[in-house]
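Participant: sequence and predicted structure, then a few things I'm wondering about:
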Amino acid sequence: MMDIIHLLSDNIANQIAAGEVVQRPASVVKELLENAIDAKSSMVKLIIKDSGKTLVQVIDNGVGMSVTDCRMSFERHATSKISTSEDLFAIRTMGFRGEALASIAAVAQVEVRTRREEDELGTSLSIEGSEFKGQEPVSTPVGTNLMVKNLFYNVPARRKFLKTNPVEMKHILDEFQRVALAHPEVGFEVYHNDIELYKLPEAKLAKRIVDVFGKNYRQQLAACEENTSYVNISGYVGKPEAAKKTRGDQYFFINHRFIKSPYLHHAITGAFEGTIPDGHHPFYVLNIEIDPSHVDINIHPQKTEIKFDDEKAVYSILRSAVRQAIGVYNLTPSIDFES
Ligand code: ADP
Ligand code: MG
């Protein structure tokens, strides 16, 4: 009998790996925005066409890439963010797997222009379905301008699974809002089919919340702050009277990374017990700063799940911080929305 096992071509391997990272246009938005943040950008522009089905473009003013790094950035497991396994427990960046660009380039047509401050000329590279198309010098501003066109053009089966434009756009805006709330220190602009959807100046968190959700949030925020040797909690919760019947907007970040944690969500909503009617949901935007050695963020490809070494401690600190915030908000100084 003949042997039957063979290695998959890079092309197919990349396409399979891409399925983990890229489910829909919103996944591309998330990865590109996170790369822009990791590149220390202060201003990020997101341009969308047809709910991301024909174009997702992110333009940042971050550190940019060298000619070689630009080429390398599309290799699988190629990253500037970690190098040893110890680094996995000291992660301060959004990315670290080195998979996003390789995955995106496996299932789309990608063009990037990038320049570092120290380089006079930048570099422009294109890659389609993992196939390198060319790279040449280009004059371009400092930072990175990355275009992802026609997502899943080469995987019709996946393209077929995309939802209607409004649904895909909703996913994109959800991802955008998470990043915008996690990084108020970064300015953002968002355009969809040439219409401006957001223009958010860099700001403090309270102003960012109002800029994202609207002026009526001004009167509804209670500051939440708690510093312990294990974690530092900061952010805002909605005052109890602002709780809504519809599941409110609830954002929980760990070291500025959006996390889904039913357990910690329960700590927060539980703190509202007795202050809001049954079936109402409080608003919150909370960030926990914790030494990365106490968390494992490497348990989920989208990195939206996380493990703490002492989850119970986080639960009780969080709960007490929120209780204090809603108990004493009348006494706290008014929030400065101007800066
Ligand atoms: P990861 O973010 O996990 O490192 P990516 O595939 O998203 O993996 O990116 C690969 C590498 O390309 C990054 O480590 C970074 O060095 C570089 N890179 C990606 N996007 C940008 C950007 N917007 N600005 C500067 N460098 C970038
Ligand atoms: Mg990345």
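Facilitator: Here it is on my side, so go on. Ligands and ions are numbered 1, 2, ... in the order given.
Participant: stretch 14-33 spans what distance, first to last residue?
Facilitator: One end of stretch 14-33 sits 21 Å from the other (C-alpha to C-alpha, to the nearest Å).
Participant: list the buried ones in it?
Facilitator: Neighbour-count burial for stretch 14-33, counted by 16 or more other C-beta atoms under 10 Å, picks out 14-15, 17-18, 21-22, 24-33. Heads up, the C-betas are built off the backbone N, CA and C, glycines and all.
Participant: which one of the residues you listed is nearest ligand 1?
Facilitator: In terms of C-beta to the nearest ligand atom, no member of the buried residues of stretch 14-33 lies closer to ligand 1 than residue 31, at 5.7 Å.
Participant: ok, residue 135 to residue 175 distance?
Facilitator: 29 Å (C-beta to C-beta, to the nearest Å).
Participant: which of these two has more neighbours?
Facilitator: Using other C-beta atoms under 10 Å, the more surrounded residue of residue 135 and residue 175 is residue 175, with 23 against 16.
Participant: the more buried one falls within a helix, correct?
Facilitator: Yes. According to DSSP: H, G, I helix; E, B strand; the rest coil, the state of residue 175 is that of a helix.
Participant: hmm, it is touching residue 26, no?
Facilitator: Yes. Using C-beta atoms under 8 Å, residue 175 is in contact with residue 26, at 4.8 Å.
Participant: could you look up the SS state of the residue in the stretch 101-250 of the chain that ligand 2 sits nearest to?
Facilitator: Relative to ligand 2, the nearest point of the stretch 101-250 of the chain is residue 101 (7.0 Å; C-beta to the ion). What three-state DSSP gives for residue 101 is helix.
Participant: quick one: the helices in the stretch 1-150 of the chain?
Facilitator: Along the stretch 1-150 of the chain, counting by DSSP state H, counting those that start in this stretch, helices occupy 10-21, 25-38, 67-72, 100-106.
Participant: contacts for the first one next, please.
Facilitator: The reference is to helix 10-21. 8, 27, 31, 76, 99-100, 102-107, 129-131, 154-155, 158, 301-302 (C-beta atoms under 8 Å, 6 or more residues apart in numbering).
Participant: and what of the longest one?
Facilitator: Around helix 25-38, the neighbours that count as contacts under C-beta under 8 Å, 6+ apart are 21-22, 44, 46, 48, 51-53, 56, 58, 60, 62, 81, 93-95, 100-101, 104, 108, 144, 146, 148, 151, 162, 168, 171-172, 174-176, 178-179, 183, 186, 302.
Participant: now swap in the last one and tell me
Facilitator: Residues from elsewhere that reach helix 100-106, judged by C-beta under 8 Å, 6+ apart: 11, 14-15, 17-18, 20-22, 28, 31-32, 34-35, 73-78, 110, 127-130, 148.
Participant: the residues you listed also near ligand 2: which ones?
Facilitator: With C-beta under 5 Å from the ion as the criterion, the contacts of helix 100-106 include residue 35 near ligand 2.
Participant: low-confidence regions, the stretch 51-200 of the chain specifically.
Facilitator: By pLDDT under 70, the stretch 51-200 of the chain has no low-scoring segment.
Participant: re the thing from before, adding distance to ligand 1, write the helices of the stretch 1-150 of the chain out as TSV.
Facilitator: Below are the helices of the stretch 1-150 of the chain laid out as TSV (distance: least, C-beta to the nearest ligand atom, whole Å):
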stretch	distance to ligand 1
helix 10-21	9
helix 25-38	3
helix 67-72	6
helix 100-106	3
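Participant: which one of those helices lies closest to residue 264?
Facilitator: With C-beta to C-beta, the closest approach to residue 264 among the helices of the stretch 1-150 of the chain belongs to helix 25-38: 20.7 Å.
Participant: quick one: that closest one to chain centroid distance?
Facilitator: Mean C-alpha position of helix 25-38 versus that of the full chain (C-alpha atoms, centre = their mean, to the nearest Å) differs by 6 Å.
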